[in-house]
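Enquirer: Provided below are the primary sequence and the corresponding predicted coordinates.
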Amino acid sequence: MERVAEGVWLLRGDVGGAMNVYFLADGDGVVMFDAGTKSMTRKVRAAAERLGGLERVVLGRAHADHRGTAPALGVPVQCHPDEVADAESEGWGWPYLDISALPPPSRWIFPLLLRRWDGGAVRIDGTVGEGEEVAGFRVVHFPGHAPGLIGLWRESDRLAIVSDVVYLIDSTRLGRRLPPGEASVPHPAWGWDHEKAKGSVRKLAALAPATVCAGHSGPLRGENLRGALERAAERY
């Protein structure tokens, strides 16, 4: 695990450590934001125990690589109201995905990976929405990549934990890391509404974060992230 800020730890897993989950200090235990992939289940359990025990899971969104461990952890799981139906659905292929729009070989390989990553349908025990509080963070709704995509914002240190509001990888090239300091709106192949996704990246930019912790790759840091995020909204 990597401590990325006060009371916040990043755990990476799956092939190449490409999938991120975050643990947030909350009382004597932790809240987990995003749930990674199915293969991370044992690693997630062990990490949560070292941090005092897992109290609940909050899903940034319901895609296969973000809900994978959630069904097996035995704690309450929450998400945005607009994401409940997808979280509780079997299978990874939601109607708005268009993986055929990716270039080869990504369009051939990702369906196989998504099946392997998914832990299956998740029982949702409650919802969190815009402006609510999670472990000292404010919930921000960032629709577009998914209808109920959320991030977490802490004003005191300008820390944004944002799931897949932005990519720090290139999903058209099987997750290759973008150059340092660069970010991207997710490719339209993955998105529910690409124009809304671009608007959500601009909404993130307007917060002027000093640190952005995304769903994949390490944190993006700096005092000039607003410009980088505004450029990210126009990548596709």
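Expert: Structure's in. What do you need? Residues are numbered from 1 along each chain as shown.

Enquirer: Ala160 is in contact with Phe33, correct?
Expert: No. Applying C-beta atoms under 8 Å as the test, Phe33 and Ala160 come out as separate, 11.5 Å apart. For every residue, glycine as well, the C-beta is placed using N, CA and C.

Enquirer: just give me the residue closest to the centre of the chain.
Expert: Nearest to the geometric centre of the chain sits Ser163, at 2.1 Å (C-alpha atoms, centre = their mean).

Enquirer: what ranges do the helices span in the protein?
Expert: For the chain, applying DSSP state H gives helices covering 41-50, 64-67, 84-87, 106-117, 194-206, 225-232.

Enquirer: tell me the buried residues in the third one?
Expert: In terms of neighbour count (16 or more other C-beta atoms under 10 Å), helix 84-87 has its buried residues at Val84, Asp86, Ala87.

Enquirer: which among these gets closest to Gly27?
Expert: Closest approach to Gly27 among the buried residues of helix 84-87 (C-beta to C-beta): Ala87, at 25.0 Å.

Enquirer: state the number of residues packed around Trp108.
Expert: When neighbours are counted by other C-beta atoms under 10 Å, Trp108 registers 11.

Enquirer: typo on my end, Glu155
Expert: Neighbours around Glu155, by other C-beta under 10 Å: 9.

Enquirer: next: the one 5 residues further on.
Expert: Residue neighbour count, defined by other C-beta under 10 Å, stands at 26 for Ala160.

Enquirer: surely Ala64 meets Ala35?
Expert: No. Taking contacts as C-beta under 8 Å, Ala64 lies outside contact range of Ala35: 10.2 Å.

Enquirer: higher neighbour count, the two?
Expert: Ala35 (28 against 21).

Enquirer: skipping adjacent residues, who's closest to that one in space?
Expert: Excluding the flanking residues, the one nearest Ala35 by C-beta to C-beta, 6 or more residues apart in numbering is Ala70, at 4.0 Å.

Enquirer: got the contact list for that neighbour?
Expert: Ala35, Val57, Leu59, Val77, Gly119, Val122 (C-beta atoms under 8 Å, 6 or more residues apart in numbering).

Enquirer: from Gly191, how far off is the last one?
Expert: As judged by C-beta to C-beta, to the nearest Å, Val122 and Gly191 stand 21 Å apart.

Enquirer: could you do the fifth one as well?
Expert: Distance of Gly119 to Gly191, given as C-beta to C-beta: 22 Å.

Enquirer: before we move on, what about the fourth one?
Expert: Per C-beta to C-beta, Val77 is found 23 Å from Gly191.

Enquirer: likewise the third one?
Expert: For Leu59, the distance to Gly191 under the criterion C-beta to C-beta works out to 17 Å.

Enquirer: when the two are compared, which one has more neighbours?
Expert: It is Leu59, of Leu59 and Gly191, that has more neighbours when counted by other C-beta under 10 Å, with 29 against 23.

Enquirer: now for the residue nearest to the more buried one when sequence neighbours are not counted, how many residues are close by?
Expert: Sequence neighbours aside, Cys79 is the residue nearest to Leu59 in space, at 4.1 Å (criterion: C-beta to C-beta, 6+ apart). Neighbourhood size, Cys79 [other C-beta under 10 Å]: 30.
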